[in-house]
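Enquirer: Have a look at this prediction, sequence included:
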Amino acid sequence: MASLPAYLHDIQKEIEGHGRAYGLDFWEIEFEILDYKRMQEVAAFGGFPVRYPHWRFGMEFEHLTKSHVYGLSQIYEMVINNNPAYAYLLEGNSLVDQKMVIAHVLGHVDFFKNNYFFSKTNRRMIDGMANHATRIRRHMERLGVDKVESFIDACLSLENLIDPMSPFINRKAPERAEVEDGASQEIPRLKAKSYMDKFINPPEYLEVQRRKLEREREKPRKTPPEPERDVLAFLLQYAPLESWERDVLEIVRDEAYYFAPQRQTKIMNEGWASYWHSKIMTERALKASEIIDYADHNAGVMATAPGQWNPYKVGVELFRHIEERWDKGRFGREWDECRNLDDRRAWDRRLGLGRKKIFEVRKFYSDVTFIDEFFTEEFCQEKKFFSFALNERSGNYEIDSRDFSQVKHKILYQLTNFGEPFIFVEDANHDNRGELLLHHRHEGVDLDPEHARATLGALYRVWRRPVTLMTVFDAKRKALRFDGKDQSEKAA
Amino acid sequence: MALRIDPDHRRFRDIVRGKIKQDLRKYVSQGELIGRKGKDLVSIPLPQINPPRFRFGSKGNGGVGQGDGQVGDSLGKGDPNADGSGKAGDKPGEHAIEVELSLEELAQIMGEELQLPRIEPKGKERLITQKDRYVGIRRAGPESLRHFKRTFRQALRRQVMAGTYNSERPIIVPVREDRRYRSWRTTPLPQSNAVMIFIMDVSGSMGDEQKEIVRIESFWIDTWLRSQYKGLESRYIIHDATAKEVDRDTFFRTRESGGTMISSAYKLCAKMIADEFPPSEWNIYPFHFSDGDNWSVDDTVQCVDILRTQVLPHVNMFCYGQVESPYGSGQFIKDLNEHFDEEDHVFVSEIKGKDAIMDSIRDFLGRGK
């Protein structure tokens, strides 16, 4: 891999200087220059130089190569959440492009380092991925490529069944053991001095407590006690896996959690990086002769085709909107209650809090909360947002509303759980036969039935006993079941 | 340059090929593939392989966009989310990857899928030609084969080494030792000629659907045989009550009407073989497609006679495909079966619909004649 030539190294140092002066706080960044082929390879590996062997990286590679050859897309920039951060520059890009990319990458690395949702990710993931590769290769050598790969395929079908919030929850160790031998268990008493005891804990009260305990004991105990959203963790713990299978599943889960924050903060992350590349470039780093090229390329990044949604653009505009509001003091009760449009338009308290506010936002928010809190009616109108839907009759997608609450509702809806269904493990001993019962929390949209059935197959592969999914099709409750041979669908 | 991803990429290609194998049946009968693009490449729209997931049904409930436009304005057909920027998150959307296969690859896949044996060409021992290929360079040879560039380069090299090269006056004078000549190697090339004679009944009872089936089936037969023979010729005969030779285009487009005299076509076929394709040099493959509704019993007798005496002795195999039609009696296939039951190079096949095309191809080509 080529290290950075001197002139680019100098540019990197210069731009990093500008970034620090603005208050950006980033790790050391290792830039590498790659030719387009290597760039596509690394991009296919999700930004990492080494991944475990799997055909889907090859598919991604073919896709990227094809789009490159046909001139459909080009990868400008790639950066890995790692300390030190790794970033790649495309060989042969013009100097302005390289500058812009370097500045953009600074924004990303600052975001990785400081955003709360990234705080639990593995900051040595380059090594992590390499280790995963070694482990999987070892399994493949021992057991054969096909066997391991098809198990990976099954795991990938379940990859999205994680709970992105779970790294932030401190879980208590299960208080099982003592409940087991409940017979000898003491009836809980309220605390009282000994001479007061028979008044505070009278026999009737103790009787009630005793019954309650008994009832509790008789209640059939379920695994998991509460519906479990981290299906992968559940399977790791309870599925009858061989050790290599457990290892593979663990790797897939690990990587899914590593990438989850990037999906949770797509708009913010891209918005933040775009905000900073444009700030650094236009205020500090650009030479007069480079302005036209910069503007041209920046416009390309920010382009929105009709009826599309560009996270770069939405993100950067929303950050700028926030900055302006806090600079001018357009927040708080007085602002909210002001109904006079002229006043609102002219509102400027000269607080100058904008910069501070956006740094705070980049630290504590994810896309959902970002949109929920800062996507205002004014922003929606000014930036011409609309929602669209399929017109069944014409087969076209049409603008169906410019109403603020509807637009916002739709955005939030799509962001929630990455626009993926909520699936929970309900019971590991369904029907008292060791079958797995899952529950889809239906929120208005049906699952794709074909995919759902195939996914049950993957679950069966891991659980090795029949699997049932409770879901809703066409407003009817259904139980999809796969018993290893046949798929069945029953009303439930 | 070798890339780390190459093995993954190869594996993906393998899977894609495997995928095509399984889906082959389906898309052959859809007939999407006919038509060559550019240099013998056919491009097959193939869905990206997405591992199944619990995911929402594709009937999207729309999304959010940005830009001008009134409520009710159309954003165009299809899903504007399709390129992944519609939704937040990083789902790649449902793209179709175009996987390009050459016809040869395609034929090979088909061969594997249908377990078609490679064809043993007729008369291969007799027909060996020599082919000279210029593959190397040597120091002696006729002047007509002198390789100017290499000679020049050699001279330049010598002069630089000897120190007589002057970049101010770059004059290069090759001497005898500098001369380089092209050299060749002679490779024996088994030559086998083959001709396919497609015969189609275009009488009134053959509808568009029937012709479509014939078209698809002959495309695949053509593709397969082409992969087996270098330099394959094809001829086309259409017939109703009379037969005539036509070009490929007309063969598939014509809509005639009228009665059916199959013997007319067989006569023409026999004549063609006798005049143009001496069987000692040619592998001959007649394929006849009809709905099996011949005009008269007498004509059928005549057909059998022509086949037995003038066609069958000369051809590698004779294939008759009977397309099911709502009008025809479908009698002809029974007649052929009756008369040629013991002939091992007559193949008949009933094609009930598009889905039966693959089976029919297997019937015809499955024995490697």
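Expert: Received, thanks. Numbering: from 1, shown residues only, chains lettered A, B, ... in the order given.
Enquirer: can we go C-alpha only for contacts and neighbour counts from here?
Expert: Fine.
Enquirer: Now for residue 7, how many residues are close by?
Expert: No chain was given, so I picked chain A. 9 (other C-alpha atoms under 10 Å in any protein chain shown).
Enquirer: wait, I meant chain B there
Expert: For residue B:7, the count of nearby residues is 16 (other C-alpha under 10 Å).
Enquirer: That one - that's part of a strand, no?
Expert: No - assigned with DSSP: H, G, I helix; E, B strand; the rest coil, residue B:7 falls outside any strand and is helix.
Enquirer: Contact partners for it?
Expert: If you count contacts by C-alpha atoms under 8 Å, 6 or more residues apart in numbering or on different chains, residue B:7 has them with A:53, A:58.
Enquirer: now swap in residue A:359 and tell me
Expert: Listed by C-alpha under 8 Å, 6+ apart, residue A:359 has no contact partners.
Enquirer: Now do the strands in the chain.
Expert: Going with chain A. Assigned strands in chain A, in chain order: A:29-34, A:77-80, A:85-90, A:385-391, A:396-401, A:422-430, A:435-441, A:467-473, A:476-482, A:487-491 (criterion: DSSP state E).
Enquirer: ah, I was thinking of chain B
Expert: Using DSSP E, strands in chain B cover B:41-47, B:63-66, B:74-77, B:96-102, B:128-138, B:181-190, B:193-201, B:232-239, B:243-246, B:282-290, B:318-323, B:346-351.
Enquirer: Any stretches of chain A with poor pLDDT?
Expert: Within chain A, the set of residues satisfying pLDDT under 70 comprises A:1-2, A:66-74, A:171-185, A:219-220, A:305-308, A:395.
Enquirer: how is it carved up into domains?
Expert: Using automatic domain parsing, the domain parsing of chain A gives A:6-115+A:278-293, A:143-167+A:208-264+A:421-492, A:305-416.
Enquirer: gap between the first one and the chain center?
Expert: Centroid displacement of domain A:6-115+A:278-293 relative to its chain, using C-alpha atoms, centre = their mean, to the nearest Å, is 21 Å.
Enquirer: Report whether that domain contacts chain B.
Expert: Yes - with C-alpha under 8 Å from any C-alpha of the partner chain as the criterion, chain B is reached by domain A:6-115+A:278-293 at A:38, A:41, A:50, A:53-59, A:61-63.
Enquirer: which one of these is nearest residue A:385?
Expert: residue A:63 (31.0 Å; C-alpha to C-alpha).
Enquirer: what number of residues lie near that closest one?
Expert: Other residues near residue A:63 number 20, with proximity taken as other C-alpha under 10 Å.
Enquirer: Ok, residue B:10 next?
Expert: By the criterion of other C-alpha under 10 Å, residue B:10 has 14 neighbours.
Enquirer: Same question for residue A:394.
Expert: 11.
Enquirer: Distance-wise, check it relative to residue A:401.
Expert: Note on residue A:394: its distance to residue A:401, by C-alpha to C-alpha, to the nearest Å, is 17 Å.
Enquirer: Then residue A:215?
Expert: Distance from residue A:215 to residue A:401, counting by C-alpha to C-alpha: 54 Å.
Enquirer: cool, and residue A:85?
Expert: Noted for residue A:85: a distance of 42 Å to residue A:401, by C-alpha to C-alpha.
Enquirer: And for residue B:207?
Expert: As judged by C-alpha to C-alpha, residue B:207 and residue A:401 stand 50 Å apart.
Enquirer: Which one's more surrounded, these two?
Expert: Of the pair residue B:207 and residue A:401, residue A:401 is the one with more neighbours under other C-alpha under 10 Å, namely 18 against 15.
Enquirer: got a list of what the more buried one touches?
Expert: By C-alpha under 8 Å, 6+ apart, the contact set of residue A:401 is A:386, A:387, A:388, A:407, B:71.
Enquirer: If any of these are buried, put those into a PyMOL selection.
Expert: To isolate the buried ones among those in PyMOL, judged by 16 or more other C-alpha atoms under 10 Å in any protein chain shown, type:
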select buried, chain A and resi 386+387+388+407
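Enquirer: Out of the contacts of residue A:401, flag the one nearest to residue A:490.
Expert: Using C-alpha to C-alpha, residue A:388 is the member of the contacts of residue A:401 that sits closest to residue A:490, with 34.5 Å.
Enquirer: Quickly note the distance from that closest one to chain B.
Expert: 5 Å (C-alpha to the nearest C-alpha, to the nearest Å).
Enquirer: Got the confidence number for residue B:39?
Expert: With respect to pLDDT, residue B:39 has a value of 44.
Enquirer: State the distance from the residue lying closest to residue B:325 once chain neighbours are set aside to chain A.
Expert: Nearest residue to residue B:325, sequence neighbours excluded (C-alpha to C-alpha, 6 or more residues apart in numbering or on different chains): residue B:291, at 5.9 Å. Distance, residue B:291 to chain A, using C-alpha to the nearest C-alpha: 39 Å.
Enquirer: Do I have it right that residue B:291 meets residue B:333?
Expert: No - taking C-alpha atoms under 8 Å as the definition, residue B:291 is not a contact partner of residue B:333, at 9.0 Å.
Enquirer: So which of these two has more stuff around it?
Expert: Just comparing residue B:291 and residue B:333: by other C-alpha under 10 Å the higher neighbour count belongs to residue B:291, 29 against 19.
Enquirer: In contact with the more buried one: list those residues for me.
Expert: Residues near residue B:291 by C-alpha under 8 Å, 6+ apart: B:201, B:205, B:206, B:322, B:323, B:324, B:325, B:328, B:329, B:330.
Enquirer: I'd say the third one and residue B:326 touch.
Expert: No - taking C-alpha under 8 Å as the definition, residue B:206 is not a contact partner of residue B:326, at 9.1 Å.
Enquirer: So between the two, which is more surrounded?
Expert: Each of residue B:206 and residue B:326 has its neighbours counted (other C-alpha under 10 Å); residue B:206 has more, 25 against 11.
Enquirer: Report pLDDT for that one.
Expert: In this prediction residue B:206 is given a pLDDT of 78.
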